[in-house]
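Enquirer: the following comprises the amino acid sequence and a computationally predicted model.
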Amino acid sequence: MSKELKSNSARSLLRNGAAAIALAIVGALVPGAVLAKDYGKPGEPVHLVIGYQPYYTQAWSAVIQKEMMPWKKYLPAGSTVEWQIGLQGAIVGNAMLADKNDIGYMGDMPTIVAISKQNVRQLRMVAVLGLANDQCSVFLSRNEAPDFKSPEEAVKWWSGKRIAVAKGSCTDRSGQEMMRKYDIKPEQYLNQNIEVQTSNFKAGRLDGSIMWEPTASKIVMEGIAKRIGDTKVIDKMDGGFMAMQHELIKQRPDVVKGWLEAELDANLFWAKPENYMKVVEMAEKNTQGFSKEVLWMSMAGKYPKVMGGGDVRNIMYYGINDEVRNMMREQVTFLHDMKVLPMADLPKELVDSSWTDEILKRRGLKVPLARIEAQDPSKYPGGKIKLPASWRE
């Protein structure tokens, strides 16, 4: 292939990846005069449909809400909640834009894209699930890849290789930022869900990928691929957000406040190290094919620095502060530059911090609430964890 063709191919990878972000929610872009849902009057029982991601560790506050049901304490008596699993954030965003989910737990990219589609449905981002370097975007390479001295060197090996992400997710943004920063030109930049990525690693058809937790830890701990880094290589953080239907906010402020009160309770429960295993057990109940050891590693396990590990696995924000807004501003700029969003700035009303601001103030709490500190695998309370052959201190 000529140098010119390679250069054009690399540029098209970025453009096509950006287009896929928008297309990830195209199924929901049905302009239509859809009648506003009737959520009832304040004080009446309400039925909510929640889009949640038990296969996304950073969003496990929803798992706590589902299993411990703190929402029963705050929602009107007789209220009911239905839980719908989304295997990635774009699916939850689809469901919200199609008015099938009332509240959604998503990564940052799908949330931003979904709330920007004001001509389809009015949604609002109302809370933060967390910010982290290695919850949504863990960089993986096949086991046969060379062992490099740093994550920065390891990702540069991806030039000329076959790389996969789930396009339209935060892994896609991390991948494109990484390619731009290090001028990496993969042979292929593929759109594959995490199940296909796993199969292709096993079959030797994939050189690298970016996955979110807990699948990333499953891949590593089962020896299918090696961990080489996270978003520290691009000096960025990924985030998880909660979005709500604007009609729900307008019609039922009591429900919005009640759900967010319960969400805070779930966060405070999760923040205590003595509850880590209880959260893992709840997550195990809501997933298939994941051991407790893998789930614990995805949430609190400490990986070596050479593998991209750090001291903190998740920063639990809950509220929306300037740091969160600045991160979102960078992401919106990126999406606008990639021609995914028509606007260079999100309208301020699409990010509504008033609810969490009020709740935090009344409870005397500040953002961030807590940090999930990374713990050495030897600290796993369920026994000895068998480390993979790719483990390097």
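Expert: Received, thanks. Numbers count the residues shown, from 1 in each chain.

Enquirer: so which helix or strand takes in Ile320?
Expert: If you go by DSSP states H and E, Ile320 is not part of any helix or strand.

Enquirer: typo on my end, it should be Glu323
Expert: Glu323 belongs to helix 322-337, assigned by DSSP H and E.

Enquirer: how far off centre is the lengthiest strand in the chain?
Expert: Taking DSSP state E as the criterion, the chain has its longest strand at strand 123-132. The chain centroid and the centroid of strand 123-132 are separated by 10 Å under CA atoms, centre = their mean, to the nearest Å.

Enquirer: so that strand versus helix 322-337, what angle?
Expert: With axes from the mean of the first three to the mean of the last three CA atoms, to 10 degrees defining the directions, strand 123-132 sits at 110 degrees from helix 322-337.

Enquirer: for Pro146, the count of nearby residues, please.
Expert: 8 (other CB atoms under 10 Å). Where you see a C-beta, it was placed from the backbone N, CA and C, and this is true even at glycine.

Enquirer: show me which positions of stretch 75-84 end up buried.
Expert: Across stretch 75-84, burial judged by 16 or more other CB atoms under 10 Å covers 75-76, 79, 81, 83.

Enquirer: which residue is nearest the middle of the protein?
Expert: For the chain, Gly107 is the residue whose C-alpha lies nearest the centre (CA atoms, centre = their mean; 3.2 Å).

Enquirer: dump the residue contacts of that residue.
Expert: 56, 58, 88-89, 136, 169-170, 212, 238-241 (CB atoms under 8 Å, 6 or more residues apart in numbering).

Enquirer: out of the residues you listed, which sit inside helices?
Expert: 89, 170 (DSSP state H).

Enquirer: what's the closest of the contacts of Gly107 to Val196?
Expert: Nearest to Val196 among the contacts of Gly107: Gln88, at 12.3 Å, using CB to CB.

Enquirer: the closest one and Ile320, how far apart?
Expert: Separation of Gln88 from Ile320 (CB to CB, to the nearest Å): 23 Å.

Enquirer: and what of Arg252?
Expert: Applying CB to CB to Arg252 and Ile320 gives a distance of 21 Å.

Enquirer: could you say which helix or strand contains Leu268?
Expert: Per DSSP H and E: helix 253-270 holds Leu268.

Enquirer: what about Ile228, which SS state?
Expert: Three-state call for Ile228 (DSSP: H, G, I helix; E, B strand; the rest coil): strand.

Enquirer: follow-up on the earlier one: between the helix or strand following the helix holding Leu268 and helix 253-270, how many degrees?
Expert: Using DSSP H and E, the helix or strand that directly follows helix 253-270 along the chain is helix 276-285. Calculated by the same axes, to 10 degrees, helix 276-285 forms an angle of 120 degrees with helix 253-270.

Enquirer: now do the helices in this structure.
Expert: Listed in chain order, the helices of the chain (DSSP H) span 3-23, 61-68, 89-97, 108-116, 151-156, 170-182, 194-203, 215-221, 246-251, 253-270, 276-285, 292-300, 322-337, 354-363.

Enquirer: using CSV, write out every CA atom in the third one.
Expert: In this case it means helix 89-97. Taking Å, rounded to 0.1, in the frame of the first residue of the first chain, the C-alpha atoms of helix 89-97 are listed here in CSV:
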residue,chain,number,x,y,z
GLY,A,89,-24.3,2.9,27.0
ALA,A,90,-25.5,3.6,23.4
ILE,A,91,-28.2,0.9,23.9
VAL,A,92,-29.5,2.7,27.0
GLY,A,93,-29.3,6.0,25.1
ASN,A,94,-31.4,4.5,22.4
ALA,A,95,-34.0,3.4,24.8
MET,A,96,-34.2,6.8,26.4
LEU,A,97,-34.5,8.6,23.1
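
Enquirer: report all helices and strands that that helix contacts.
Expert: strand 47-52, strand 103-107, helix 108-116, strand 238-245 (3 or more CB pairs under 8 Å, 6 or more residues apart in numbering; DSSP states H and E).

Enquirer: if we go to 7 Å?
Expert: With contacts taken as 3 or more CB pairs under 7 Å, 6 or more residues apart in numbering; DSSP states H and E, helix 89-97 sits against strand 47-52, strand 103-107, helix 108-116.

Enquirer: pick the most deeply packed of those.
Expert: Most buried of the helices and strands packed on helix 89-97 by mean neighbour count (mean count of other CB atoms under 10 Å) is strand 103-107; its value is a mean of 30.

Enquirer: off-centre distance for that strand?
Expert: 9 Å.

Enquirer: ditto for stretch 358-373
Expert: 21 Å.

Enquirer: so for that stretch, what gets flagged as buried?
Expert: Under the neighbour-count criterion of 16+ other CB under 10 Å, stretch 358-373 has 359-360, 365, 367-370, 372 buried.
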